[in-house]
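Q: Attaching a predicted model along with its sequence, questions to come.
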Amino acid sequence: MSAQHVVLIGSKRPAKSGARRLHDADPNSQMEVTLSLRAPSLPGSDNMPAKALTHEEFASKYGVKPEDAEKVRHALEKYGLKVEEISLPGRSMRVSGPVSAMNSAFQTHLGVYRSADQGDFRGREGNIQIPAEIDGIVTGVFGLDERRVARRKSTRAAAAPTPATKMSPLGPSDFEKRYSFPANQGAGQEIGIAEFEGGYFADDLQAFCTKYNLAMPNITTVPVGLPALTLAQIQALPAQKRNDELDASIEVNMDIQIVAGLCPQAKMFVYFAPFTQKGWVDLLNKIISGSPAKPVTVSVSWGAPEDSPDWSSSARTEINDRLQAAALLGITVCISSGDDGSGDEMTDGHAHVDFPSSSPFVLSVGGTMLTGAEANPIEEVWWESPGERTSKGGGAGGGGVSVEFLRPTWQNVTVKSLNNPSIDGRVVPDVSALAGPPLYDLIFVGKDFPNGGTSASTPLWAALLARINASLPSQLQQRFLTPLLYGNAKNGQARGAISCRDITVGQNASHPDPGVGYQAQPGFDAVSGWGTPNGTALLQALKQ
């Protein structure tokens, strides 16, 4: 360690599993990092204000001190780095420069690594060190390592009904009826959709809207370090990159079509960022900035196991802080609980939950499926053998008990972790909606493409919340929903209990790891939360 540097607590990362270092990163290659800066502590999950803050109030109470930002600027410029942007309300700073300057400033040895799932990427191992003069001011440095920490929660297609049901894939009006959406189309609302890869195909959305006799919605793509690719641009890429981007675009266009089908008069803002820790921080910074949108809700169908070694602890903290900022601004960020059951793609024999779904500052959304006869189907927890995604299919709704986040006081439910020992952690999901058979009727690259997963149930909930917000009195709009579901209505029952249809059948065990799962039961549980929505009942409950 240099005498002029100190270790940045929480920055340690092991080498990416399955990756090998090829060579040093080009010292002259230009790159950018995002720094998180110290600022007044945000209120804990049990001390959130009843009324949402304005962006001006948040900046005044919780923004970075200008003198701290200037001290960091001065320190880093001595290493040849350039400050691109300082956001006092965003509690962060973007800095650019060559790899050589980054190595010098942060005492890293950046290299090019290769892994089967990601190809070649810039990476690092061990701790980051920062100049001693800014110790205590800089709380995180993100972007040195480009390993993937955002995985989409669903990639599947079923051209024919699955054996679980003879029903055809469902369209917007089916969901409006099944889940009792309020009688509006979301006019005046702004909805955010977070994406970390892929492109938006306007022709597919037009075909979807034509199929269901809907007007083409107002959509704005928002690049946050990553462009929104068109189909033509993707088709012009080299074969492997083209396939990867097309695969990711399934997620993007599913999210957009579900929201467009259920909230066609709302304005949609689709944010595109790289799938790195820096991408998460930058994307959330953009959402909470209030420009170009002030969404009432945001749909996020991406994540990774909360205790995966690919996350640094400082990244988890900084991402969680930004989700907390969103909650303080009255934004309900809906995040999918995962499509790989109780194991969440981990193979250590323990139960795991997904992050950011496990944050106490989001609405975690799980999945269900319909079984039985079309005339009177049974809605139960989504589980298709082996309870996780494989090359031959399968999947199950994520759910369980966090090992990283304590259970907020407002989440007054009793659920025991499958892990022993374990903390009394945050329980996910909070709610559910259809994720499995008979799937959602969608279009991709001009063809019918039924799809699902908690990637689908999450934008459904985002669209529902926008329509509910449109029907609420102005003084009750723009509120972080999740704690309200656990609070009591006037009749003394939890709002979640009186505004969701209880799911009492099913479980989410993933095989072979851990081979056991959580069970549905009457009332709240760790596989369906409060259940699937009754939108009109939730609207009434939120007036109490």
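A: Received the coordinates, thanks. These numbers were taken from a predicted model, which means no experiment stands behind them.

Q: my read: Ala293 touches Thr220, true?
A: Yes: using Cβ atoms under 8 Å, Ala293 is in contact with Thr220, at 7.4 Å. Bear in mind the C-beta positions are built from the backbone N, C-alpha and C, glycine included.

Q: Give me the more crowded residue out of the two.
A: Neighbours were counted for Ala293 and for Thr220 using other Cβ atoms under 10 Å; Ala293 has more, 19 against 13.

Q: mind checking pLDDT for Ile219?
A: With respect to pLDDT, Ile219 has a value of 98.

Q: what about it, neighbour count?
A: Neighbour tally, Ile219, other Cβ under 10 Å: 17.

Q: beta partners for it?
A: Beta bridges link Ile219 to Met268 when assigned by DSSP bridges.

Q: Quick check: the gap between it and Gln185.
A: For Ile219, the distance to Gln185 equals 15 Å [Cβ to Cβ, to the nearest Å].

Q: Report the residue spans of this protein with pLDDT below the cut-off.
A: 1-2, 153-165 (pLDDT under 70).

Q: Quick check: can you list the domain ranges of it?
A: Structural domains annotated on the chain: 5-142, 151-471+478-541, as defined by automatic domain parsing.

Q: would you say Gly97 is within a strand?
A: Yes: counting by DSSP: H, G, I helix; E, B strand; the rest coil, Gly97 is found in a strand.

Q: Need the residues touching each of Ala293 and Thr220.
A: 267, 269 (Cβ atoms under 8 Å, 6 or more residues apart in numbering).

Q: so of the domains of the chain, which one's packed in deepest?
A: Most buried of these, by mean neighbour count (mean count of other Cβ atoms under 10 Å): domain 151-471+478-541, with a mean of 22.

Q: Pull up the distance across that domain, start to finish.
A: With Cα to Cα, to the nearest Å applied, domain 151-471+478-541 spans 34 Å between its terminal residues.

Q: SS state for Ser104?
A: Following three-state DSSP, the label given to Ser104 is helix.

Q: mind checking how far it is from Asp339?
A: Per Cβ to Cβ, Ser104 is found 42 Å from Asp339.

Q: Could you give the separation of the lengthiest helix in the chain from the chain centroid?
A: Taking DSSP state H as the criterion, the chain has its longest helix at helix 239-262. Relative to its chain's centre, helix 239-262 lies at 15 Å (Cα atoms, centre = their mean, to the nearest Å).

Q: and if you look at stretch 28-41?
A: 21 Å.

Q: Likewise for stretch 417-434?
A: That offset, for stretch 417-434, works out to 17 Å (Cα atoms, centre = their mean).

Q: Helices of the protein, residue ranges please.
A: Using DSSP H, helices in the chain cover 55-62, 66-77, 99-106, 172-178, 202-211, 231-235, 239-262, 277-289, 313-328, 454-471, 482-486, 495-499, 535-541.

Q: wait, which of these is closest to Ser29?
A: helix 99-106 (5.0 Å; Cβ to Cβ).

Q: just the angle between the closest one and helix 66-77, please?
A: Counting by axes from the mean of the first three to the mean of the last three Cα atoms, to 10 degrees, helix 99-106 lies at 130 degrees to helix 66-77.

Q: Show me how far stretch 138-151 is from its chain's centre.
A: Using Cα atoms, centre = their mean, the offset of stretch 138-151 from its chain centre is 16 Å.

Q: ends of that stretch, how far apart?
A: 28 Å.

Q: before we move on, what about stretch 80-92?
A: Across stretch 80-92, first to last residue, Cα to Cα, it's 19 Å.

Q: same check, this time on stretch 226-245
A: This stretch, stretch 226-245, spans 12 Å end to end (Cα to Cα).

Q: Other residues contacting that stretch?
A: Identification of contacts with stretch 226-245 by Cβ under 8 Å, 6+ apart yields 119, 196-203, 221, 246, 249, 270, 272-274, 279, 445.

Q: Distance from that stretch to the middle of the chain?
A: On Cα atoms, centre = their mean, the centre of stretch 226-245 falls 23 Å from the chain's centre.

Q: repeat for stretch 123-130
A: Worked out by Cα atoms, centre = their mean, stretch 123-130 lies 26 Å from the chain centre.

Q: what does that stretch rub up against?
A: Stretch 123-130 has contacts (Cβ under 8 Å, 6+ apart) with 1-2, 5-8, 11-16, 19, 21, 105-113, 138, 141, 144-147.

Q: change it to 6 Å
A: Stretch 123-130 has contacts (Cβ atoms under 6 Å, 6 or more residues apart in numbering) with 5, 7-8, 11-12, 15, 106-108, 110, 113, 138, 141, 144-145, 147.

Q: Among those, pick out the one closest to Asn420, please.
A: Nearest member of these to Asn420, counting by Cβ to Cβ, is Lys12, at 26.9 Å.

Q: Just tell me which of the helices of the chain ends up closest to Ile423.
A: With Cβ to Cβ as the criterion, Ile423 lies closest to helix 313-328 of the helices of the chain, at 14.7 Å.

Q: hmm, back to that, taking the contacts of stretch 226-245 one by one, which sit in strands?
A: Among these, the members falling in strands (DSSP state E) are 119, 221, 270, 272.

Q: Nearest to Val516 among those residues?
A: Nearest to Val516 among the ones in strands among the contacts of stretch 226-245, counting by Cβ to Cβ, is Gly119 at 34.9 Å.

Q: for that closest one, which residues make a bridge with it?
A: Per DSSP bridges, the residues bridged to Gly119 are Ser115.

Q: Quick check: closest non-adjacent residue to Gly171.
A: Asp441 (4.8 Å; Cβ to Cβ, 6 or more residues apart in numbering).

Q: give the contact list for that neighbour.
A: Contacts of Asp441 (Cβ under 6 Å, 6+ apart): 169, 171, 450.

Q: how does it look with 7 Å?
A: Listed by Cβ atoms under 7 Å, 6 or more residues apart in numbering, the contact set of Asp441 reads 169-171, 450.

Q: distance of it from Asn213?
A: Distance from Asp441 to Asn213, by Cβ to Cβ: 14 Å.

Q: distance between the ends of stretch 374-386?
A: Per Cα to Cα, the first residue of stretch 374-386 is 25 Å away from its last.

Q: Stretch 492-511 too?
A: One end of stretch 492-511 to the other measures 40 Å (Cα to Cα).

Q: and if you look at stretch 362-376?
A: Taking Cα to Cα as the criterion, the two ends of stretch 362-376 lie 33 Å apart.

Q: Can you give the distance of that stretch from its chain's centre?
A: Distance, centroid of stretch 362-376 to centroid of chain: 20 Å (Cα atoms, centre = their mean).

Q: same thing with stretch 108-115?
A: Distance of stretch 108-115 from the chain centroid (Cα atoms, centre = their mean) equals 27 Å.

Q: cool, stretch 449-464 as well?
A: 13 Å.

Q: now stretch 356-374
A: The chain centroid and the centroid of stretch 356-374 are separated by 13 Å under Cα atoms, centre = their mean.

Q: what's the residue nearest to Trp302 when sequence neighbours are not counted in contact with, if anything?
A: The shortest distance from Trp302 to any non-neighbouring residue, by Cβ to Cβ, 6+ apart, is to Ala150 (4.3 Å). By Cβ under 7 Å, 6+ apart, the residues touching Ala150 are 196, 275, 279-280, 302-304.
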